[in-house]
Each structure stands twice: as C-alpha cells, then as structure tokens.
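# return atomic coordinates for the entry below.
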Amino acid sequence: MYRILIFFELNNLNEQKYQRVYTPSRYFSTCGFQKNGVCIALNYYDINAKQKSLLEERDMEEITEPKQIKLLFSDNELARQLFGEHNSNLKRIADATGADIHARGNSVFISGDPEVADLAHNIIKQLYGLLEQKYPVYAKDIDYAVRLLSSDHRLKLKEFFLDSVYITSKKHTISPKNRAQKEYIEAIRNYDIVFGIGPAGTGKTYLAMAMAVAALTKGQVSRIILTRPAVEAGEALGFLPGDLAEKVDPYLRPLYDALHDMMRFEKVAALMEKGVIEVAPIAFMRGRTLNDSMVILDEAQNTTSEQMKMFLTRLGFNSKAVITGDITQIDLPAEKTSGLVECKRILRHIEGIKFAFFTKADVVRHKLVQDIIDAYEKLEQQKKTNKHS
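All right, here's what the predicted structure looks like:
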C-alpha cells in the first residue's frame, strides 16, 4: 500500500497551494504543523500500487477542496425566471459546467472545484443582470453564455445580448452570440465593404440580413439587394420549368427563408413588389449602379473571379456591401478560381475593407453541427495526408 500525502497551505491572501507526495504508508501518519509561521495541514489517502500508477499517468493532477458559493436574489419574479421551470435553467448550467447547483427559496448554492464554481457563479450572476434589463433568458441563451464565459470570464454578457441588431416580427431579439459575431456586426457598422468568411452555421448571412433590415427600417438605406451565384452544390438539377426568374428561384430560397424569419410574409411580399427588397442571382447585377442600398452577396465562394470583380464594382453612393462565404465548400469546377479566395488574398490590406473570420467554435446552430464540421475537417486532413504519403 502507498499513502498520498497532500500538503496544503493558507497564505496571507487565503489562497490554497497543494502538493502531492507518494510514500509507503507505514512511514507517516496524519499530522499538522507550522513552517515559517505558515500553517501547513497534512492529509493522506491510502492507495494500492495500481491506483498509484494510474494517478501518476494522469500527471498527478492537483487535488482541491470544493468551493462553496451562495447567491441571494432580491427579486422573486426574476429569480423564478432565472431558475426556470422546475429549476431547469440551473440544471442546464450545472450540466454544462460540472458544478453542483441547488436552489432554496431565492438562494442558489454552488459547489465544485474552484474554477468550475466560479464559472457557474459568473454565468448565473450575469444572466440575472440580463433579466434585470428586461432581456428574456431562454435555454439557447444559457448555452451561449456558457460558451462565452468559458472562453473568457472577463466578458460582459450585456455587451453581447443587449447589443440588439433587430427585433423580428415574432419579437425575438437578434444579437451577437459570440465574440466573432460581435466583431462582425461592428465591422458592418463601421465599414462599407465587409467579408464574412467561415463555416456554415456561424450566422454570417443571417446577421448581415438582420443589419440590412434594421438599416432599412431606420431609413439609413432605401433598398436591400440580396444575391448569390446560381451554382449547383454537387448535384445536377436538370431542366427547370418557367422563366429565368423561376429557374433561379430555388437557388435563392435560403435568402427568402431568412427574410421571412425577420419580417411578416405579407410585408416582405409588399416590399419586394415595390422593389425595396430585391432577391436575384448575381448575373442580374451586371451593368447596374447600386446607390443608397445594403447589398448582400451570399455563398460568395462559388463566384468566379470575374463575377466577384463585377459585383464589387457595382457599389454606389451611400451603400454597403457584405460578402459571405465558406471557402471550404466551393462547388465551382476545378479549373475555376473562387472569387472569394482571390479577394481574401488581394483585398485584405485595402483601407475601408474589413475581413471578419469565423471558426467551427463560432457555430450557433444545433450543437451537433459543430461536431459534424469537425469530423469533415478531420476527413479532409486525412485525405491530404494520404495524398502526400
């Protein structure tokens, strides 16, 4: 048998420092003593040789005592909203952080490893602050809060959740859910041409659309123009009936979906009939000058070099352009150069043009989407490795 000797001391700042020592159990017993005026307690655990080996393989992780935190909320109704039905919100936070969280009355009791307990404390406290600002907290907001504060405990949720881009017809507030989205929105506010590059599900097109609808509502622009290249995503659609507009309509359906998510169907139809909102393939942009407009080019990775140049030179006075795409999902023929990839290379250093980049960590769709993207990235990397081996 072996005995793990765990030394821990309390310094003047009440911080605990731990050290684990392995020794044959017959040599020591539990004791406590002072060293240079600092109290040092000594505890021990008896283990066998196999357990000792396993602990050593795990790099002798530090053992810490659970931290206990109590929070008391003065507003009964806000506390009820924070806790959720049958404390479902608290359970969600506990599952996400690994902390032990219990509620009694208007109080919340948190326990766990110091880092875990502090994270749960930070999340709960800041979510309560959002409720105080009349921001309704839903399950997805808790997930975003956990992701944000896990990455950086110094972040303020109010700077993200209360940065309202647009309130939809269904009274849902569209706001940034991570640092990349926050920087993207600020870029659209401050630059006339913005490129949003990253994987699917990061909110590139959706947020650009929300910014455009908000600008139209405030009278900052008089038109919204939404466009994308009509390129088939790895499948042959064959002959499509109807006139030119009807033939390309299936390619533009994702843009319609985003519009209808933000505005009532009747309002969208009326604005499109008046020409205030226009949804068209990129080929329809040739020869035009787009003044006083918010122009969004979606799926830009599937534009050719010529199409991208044509699109960017359409921009007129008092207009903004947002170009979004995922350079890992190019559906162009192999001999064609992606206009988005080319722009990334030649336009990044032009003053007045801003590039915003997203990663798989910024995905805000279903939680499985991030895992799917990760799996495909590993597959592509494996293919490249096999190709060069």
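# what ranges do the helices span in the stretch 1-150 of the chain?
49-57, 76-83, 88-97, 114-132, 139-151 (DSSP state H, counting those that start in this stretch).
# would you turn those into a markdown table with mean pLDDT?
Below are the helices of the stretch 1-150 of the chain laid out as a markdown table (pLDDT from 0 to 100):
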| stretch | mean pLDDT |
| --- | --- |
| helix 49-57 | 58 |
| helix 76-83 | 95 |
| helix 88-97 | 94 |
| helix 114-132 | 95 |
| helix 139-151 | 91 |
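# and the ones you listed: which comes nearest Ala210?
Closest approach to Ala210 among those is made by helix 139-151 (16.0 Å; CB to CB). Bear in mind the C-beta positions are built from the backbone N, C-alpha and C, glycine included.
# what packs against whichever helix or strand comes after the closest one?
Next helix or strand after helix 139-151 toward the C-terminus (DSSP states H and E): helix 157-161. Helices and strands touching helix 157-161, by 3 or more CB pairs under 8 Å, 6 or more residues apart in numbering; DSSP states H and E, are helix 114-132, helix 139-151, helix 179-190.
# can you give the contact residues for helix 157-161?
Contacts of helix 157-161 with the rest of the structure, by CB atoms under 8 Å, 6 or more residues apart in numbering, involve 126-127, 129-130, 133, 135, 141, 144-145, 148-149, 173, 175-178, 181-182.
# now, of those residues, which are buried?
126-127, 129-130, 135, 141, 144-145, 148-149, 175-178, 181-182 (16 or more other CB atoms under 10 Å).
# identify the farthest-apart pair in those residues.
Every pair of the buried ones among the contacts of helix 157-161 checked by CB to CB; the farthest is Gly129 and Gln181, at 20.0 Å.
# picking up where we left off before, out of the helices of the stretch 1-150 of the chain, the one nearest Met272 is which?
Closest among these, using CB to CB: helix 139-151, at 30.0 Å.
# quick check, distance from the closest one to the centre of its chain.
9 Å (CA atoms, centre = their mean, to the nearest Å).
# what does that helix contact?
Under CB under 8 Å, 6+ apart, the answer for helix 139-151 is 88-89, 92-93, 96-97, 119, 122-123, 126-127, 130, 155, 157, 160-161, 177-179, 364, 367.
# the closest residue to Met263 other than its chain neighbours: what's it in contact with?
Excluding the flanking residues, the one nearest Met263 by CB to CB, 6 or more residues apart in numbering is Ser169, at 5.6 Å. With contacts defined as CB under 8 Å, 6+ apart, Ser169 is in contact with Met262, Met263, Arg264, Lys267.
# hang on, the earlier thing: ok, so of the buried ones among the contacts of helix 157-161, who is nearest Thr337?
Gln181 (29.0 Å).
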